[in-house]
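Asks: Have a look; sequence and predicted model below, questions after that.
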Amino acid sequence: MIRLVPLDGPFGCAAYGVDLAAGVDDDQFRTLSQALYQNRVLVLKGQTCDKDAYLRFGRQWGVPIQHVVDTARMPGYPDLLEIGNMSERRRRDALARNSAAFWHTDQSYDAEVATATMLYARKVPGQGGETRLLDMKAAYEDLDGDTRRRIDGLVAVHFYGATSGRDGELPTPKLSDSQAANVPPVPHPLVRPHSVTGERVLYAIGGTAFDIEGMPPDEADVLIRTLKAHCVQDKYIYDHKYEVGDVAIWDTQMTMHSATPIGAPNGPGTERLLWRISVRGVPGIYAQAAAAA
Ligand SMILES: [Fe+2]
């Protein structure tokens, strides 16, 4: 029996009674996915599964995305990314270690966006290493009517890390030329419908959105900065402090997130290791229902 409990913040919920090692059946998946769509963040507590079981669960949400930063893909598991401070490169390079320490939405630089991201906490430091999650639904609904009418129908242009490093945030490392060639600038509606629920919210205003089609660049820049500043307010943010065994899932169509910067490991309780899966597309159970309708 799955038990859902609100997280200690303005949104999100925790789920107890799920065992990814044993597998998640369709009824359980329906409960979990509806909890995600209603709460935007879902944390499965107490998991002990291996990479294969984790990937099996990830594929229930959609098609895993192989990240453009190919050096971070896990050997033998290209659909998994290793996150944290433990690789040789991340131990010596603070920017590589903290490449997600800016407000962003995973894969908003791709033509086909991610629909969910999950991080499975394997090693957790005593301090730092939180994921800050931002409720874009609440932020969008609080915009005044004039702003909502103004941005409805606008199309933003995105590029990997284009506006990272602003507002005191850390910049994400630049892509190599060959990596960048795989992710040319792409357009997405500024207010975008969710692929399952149809809810329309402001999408990915931080990190990758750098221009607005048909708008003078200066005006677009001001609008993007103004909308991001509106979103990045404490009342919309939940900081997730991981426990080992957490699988934190967020609805990438309804949130932004930012990692809390962390130092290199230097003793017990300072290592951080998480396994990431991001997926695109609609979960299989919803795709089957749509096909049958
Ligand atoms: Fe991210």
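Replies: Nice, thanks for sending it over. Numbering: from 1, shown residues only.

Asks: contacting residues around T105?
Replies: For T105, the contact set (CB atoms under 8 Å, 6 or more residues apart in numbering) comprises V113, A114, Y203, A204, G206, G207, T208, T252, T255, M256, H257. Quick note: C-beta positions are derived from backbone N, CA and C, even for glycine.

Asks: Grab the nearest non-local neighbour of it.
Replies: Distances taken as CB to CB, 6 or more residues apart in numbering put A204 closest to T105, at 3.7 Å, once the chain neighbours are dropped.

Asks: and Q127, what are its phi and psi?
Replies: phi -130, psi 140 (degrees, to the nearest 10).

Asks: That one: neighbour count?
Replies: 11 (other CB atoms under 10 Å).

Asks: follow-up on the earlier one: separation between the residue nearest to T105 and M136?
Replies: Between A204 and M136 the computed distance is 8 Å (CB to CB, to the nearest Å).

Asks: Need the overlap of contacts for the two.
Replies: M256.

Asks: what's near enough to touch the nearest residue to N98 once chain neighbours are set aside?
Replies: Spatial nearest neighbour of N98, chain neighbours left out: P261 (4.6 Å); criterion: CB to CB, 6+ apart. Taking CB under 8 Å, 6+ apart, we find P261 in contact with A94, N98, A101, G128, L170.

Asks: Phi first, then psi, for P261.
Replies: Main-chain torsions, P261, degrees, to the nearest 10: phi -60, psi 150.

Asks: One more: R30?
Replies: Here is the backbone geometry of R30 (degrees, to the nearest 10): phi -60, psi -40.

Asks: Could you shift the numbering so residue one becomes 35, and keep it that way?
Replies: In the new numbering, first residue 35, that becomes R64.

Asks: Export only the CA atoms of stretch 251-268, formatted as PDB.
Replies: Extracted C-alpha coordinates of stretch 251-268, given in PDB (Å, rounded to 0.1, in the frame of the first residue of the first chain):
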ATOM      1  CA  PRO A 251      16.600  41.400 -28.200                       C
ATOM      2  CA  ASP A 252      16.700  44.000 -25.500                       C
ATOM      3  CA  GLU A 253      13.000  43.800 -24.900                       C
ATOM      4  CA  ALA A 254      13.200  40.000 -24.800                       C
ATOM      5  CA  ASP A 255      16.100  40.100 -22.400                       C
ATOM      6  CA  VAL A 256      14.100  42.300 -20.000                       C
ATOM      7  CA  LEU A 257      11.000  40.100 -20.200                       C
ATOM      8  CA  ILE A 258      13.000  36.900 -19.600                       C
ATOM      9  CA  ARG A 259      14.800  38.400 -16.600                       C
ATOM     10  CA  THR A 260      11.600  39.900 -15.200                       C
ATOM     11  CA  LEU A 261       9.700  36.600 -15.400                       C
ATOM     12  CA  LYS A 262      12.600  34.600 -13.900                       C
ATOM     13  CA  ALA A 263      12.900  37.100 -11.000                       C
ATOM     14  CA  HIS A 264       9.100  36.700 -10.400                       C
ATOM     15  CA  CYS A 265       9.500  32.900 -10.300                       C
ATOM     16  CA  VAL A 266      12.600  32.700  -8.100                       C
ATOM     17  CA  GLN A 267      10.900  33.600  -4.800                       C
ATOM     18  CA  ASP A 268      11.100  31.600  -1.600                       C
END
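
Asks: so how far does stretch 267-284 reach from one end to the other?
Replies: Counting by CA to CA, to the nearest Å, you get 18 Å between the two ends of stretch 267-284.

Asks: Thank you kindly, that will do.
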